[in-house]
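K.L.:
Here is a sequence with its predicted model. Questions after.
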Amino acid sequence: LEDGAFVEPAKPEKLLLAYGDSITQGYDAPRPSQRYASRLADFLGASELNKAIGAEIFRPELALLPDPEAPDYISVAYGTNDWSKAESLEQFKENCKGFYENLARRYPNVPIFAISPIWRAAYKMEKPCGDFRNVHHFFVQIADNIPNMTVIDGWEFVPQNPELFADKTLHPNDEGFAFYAEGLYRELKKHL
């Protein structure tokens, strides 16, 4: 290259807005580019605005915070912390419904993908919200009233093998994130 030459990275034309907890944030990913959300954005030919927060739950007010630009796709992957922390099933449902309704009002023409939680080792524990797998069914019930929302069942995205989780229980490792991103993209393609 000649002196003074420079390269500008190509900016994707689409934007993926990703909400979620530590898994979406990329906890235990060796590099940010190896998170499932980053890989999904690449598959979609989109840049990624990752608004995930470790240990976070559905909070309706989070869906009202401004974004620097309007997204083309929205993914939301909460639920695992809600299931483990909620004081009641009604609290869980109310927070979940409020979040999705606020998000849909802000972005009525943007597809919202509600991703139910992936496997976790403690899924058989008894919690006030009941059975862990019921989280998916709550999402389906809520989606019935939100026209631009599609529920994606994340349960099978990462095989139920502790070796695919950095902590052996909850947070995927690099290989686990690859499984997650590929499985999620396969499902999203059916709805795009």
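P.N.:
Yes, it's here.

K.L.:
Which neighbouring elements make contact with the longest strand anywhere in the chain?
P.N.:
Determined from DSSP state E, the single longest strand within the chain is strand 14-20. The elements that strand 14-20 packs onto, with contact taken as 3 or more C-beta pairs under 8 Å, 6 or more residues apart in numbering; DSSP states H and E, are helix 36-44, strand 46-50, strand 73-77. C-beta here means a position set from N, CA and C on the backbone, and glycine is covered the same way.

K.L.:
Can you mark which positions in that strand are buried?
P.N.:
Using 16 or more other C-beta atoms under 10 Å as the test for burial, strand 14-20 gives Leu15, Leu16, Leu17, Ala18, Tyr19, Gly20.

K.L.:
The spatially closest residue to the first one that is not a sequence neighbour: what secondary structure?
P.N.:
Spatially, and ignoring its direct neighbours in sequence, Leu15 is nearest to Pro71 (4.6 Å; C-beta to C-beta, 6 or more residues apart in numbering). Secondary structure state of Pro71, per DSSP: H, G, I helix; E, B strand; the rest coil, is coil.

K.L.:
residue contacts, Pro71?
P.N.:
By C-beta atoms under 8 Å, 6 or more residues apart in numbering, Pro71 lies in contact with Leu15, Leu16, Leu17, Leu49, Tyr107, Val110.

K.L.:
Equivalent analysis for Arg106, please.
P.N.:
Going by C-beta under 8 Å, 6+ apart, the list of residues near Arg106 reads Ala63, Leu64.

K.L.:
Quick one: distance of the helix or strand bottoming out on mean pLDDT in the chain to the chain centre.
P.N.:
With mean pLDDT, DSSP states H and E as the measure, the helix or strand of the chain carrying the lowest mean pLDDT is helix 134-143 (a mean of 92). Between the centre of helix 134-143 and the centre of its host chain there is 15 Å, according to C-alpha atoms, centre = their mean, to the nearest Å.

K.L.:
Pull the CA coordinates from the helix or strand just after it and hand them back as CSV.
P.N.:
Heading C-terminal from helix 134-143, the first helix or strand you meet, by DSSP states H and E, is strand 149-152. Only the C-alpha atoms of strand 149-152 are listed here, as CSV (Å, rounded to 0.1, in the frame of the first residue of the first chain):
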residue,chain,number,x,y,z
MET,A,149,-43.6,-10.7,17.3
THR,A,150,-42.4,-14.2,16.6
VAL,A,151,-41.5,-16.7,19.3
ILE,A,152,-38.4,-18.9,18.7
